[in-house]
Every structure is written in structure tokens, then in C-alpha cells.
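S.K.: could you look at this predicted model? Sequence included:
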Amino acid sequence: MARREDFLAWVRSELYEAELALHNGDPEPRRRIWSGHEPVSVLGAWRSAYGPQQLDELFTALGQSFSDCTSYNFELQVYDVTEHLAYTAGLEHISVSVDGEPRTFTLRATQIYRREDGHWKVAHRHADTVSSIT
């Protein structure tokens, strides 16, 4: 049971803080929680990326596009954890400026995580819009 509780604590703290920072224009915390080892991938609502170099480029572009996040809420719907792998699926409710324009939207987001050197790292993300981007 401690493994599940520890994973959820990480999701609600380090993962949450990294996503909030990204939506305020700072991609560095997100980079720190992502694996630098293959395979890594994003099938994104904005754009997709495969491999560490493309992910780095994607995170830079997102950081340059996002600013002034007024609300970020991750509504966790399901998750599971094993010794070395975990996943989450939920809704991300976001109010942020994108290229200077205020927008509010909801993303369906599924992520896969793996343990590396005793720490959780994101290895894959898939997200798409549930509500229109306004």
C-alpha cells in the first residue's frame, strides 16, 4: 500500500508542480521529471514528439507559448502502480495564456511512468482536447 501512496504523493506534488511551471512558461521542472532514456514519447494535443531530443524541443516550444496560468487542476480518474511501472489517466483543466491569448480547455491525459534510480520518471504522455480551446 505504501507504494501506491508514495506514487500518489509524487503525482500530487512533483508532477503537479512541473505541469504548473510549464503552463507558466518554465519547462525545466517538466524536463527533470521526464526520462532521458529511450523509449520516450508524447502524442500531444499541441504536437507529438519521439525521443529525448524531440521532447526537449517540444518542452521548449510549450514553455515559450504558455504564460500566466490562472488555473491548473489534474482530475485523476484511474491509476495503477507496480514496482517499476505506473500509469495515470485523468482530465487536466487548464486556464492559461497561449501565445498571449487567454484560453481555457480540458485535456484527457494518460501518462506512463517508470522507476529509474529510485525515482518516478514520465516515459509517455498522450493528451487530447475534451472541450474546445477558447
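M.R.: Received, thanks.
S.K.: mind checking how far the residue most central in space within the chain is from Gly118?
M.R.: When Cα atoms, centre = their mean is applied to the chain, the residue found nearest the centroid is Glu19 (5.6 Å). Distance check for Glu19 against Gly118: by Cβ to Cβ, to the nearest Å, it reads 22 Å. All C-beta atoms are positioned from the backbone trio N, CA, C, and that covers glycine.
S.K.: now the strands for this protein?
M.R.: 41-43, 49-50, 66-81, 85-98, 101-116, 119-129 (DSSP state E).
S.K.: in JSON lines: the ones you listed, plus distance to Leu8, mean pLDDT and mean neighbour count.
M.R.: Formatted as JSON lines, those follow (distance: least, Cβ to Cβ, whole Å; pLDDT from 0 to 100; neighbours: other Cβ atoms under 10 Å):
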{"stretch": "strand 41-43", "distance to Leu8": "23", "mean pLDDT": "98", "mean neighbour count": "18"}
{"stretch": "strand 49-50", "distance to Leu8": "27", "mean pLDDT": "97", "mean neighbour count": "16"}
{"stretch": "strand 66-81", "distance to Leu8": "7", "mean pLDDT": "98", "mean neighbour count": "14"}
{"stretch": "strand 85-98", "distance to Leu8": "9", "mean pLDDT": "98", "mean neighbour count": "18"}
{"stretch": "strand 101-116", "distance to Leu8": "12", "mean pLDDT": "97", "mean neighbour count": "16"}
{"stretch": "strand 119-129", "distance to Leu8": "11", "mean pLDDT": "97", "mean neighbour count": "17"}
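S.K.: which one, of those strands, ends up nearest to His23?
M.R.: strand 66-81 (3.8 Å; Cβ to Cβ).
S.K.: the residue nearest to the centre of the chain reaches Arg30, doesn't it?
M.R.: Yes - using Cβ atoms under 8 Å, Glu19 is in contact with Arg30, at 7.0 Å.
S.K.: now for the residue nearest to the centre of the chain: which residues touch it?
M.R.: If you count contacts by Cβ atoms under 8 Å, 6 or more residues apart in numbering, Glu19 has them with Arg30, Tyr72, Phe74, Glu92.
S.K.: re earlier: tell me which of the strands of the chain lies nearest to Phe7.
M.R.: That would be strand 66-81 among the strands of the chain, by Cβ to Cβ, at 4.6 Å.
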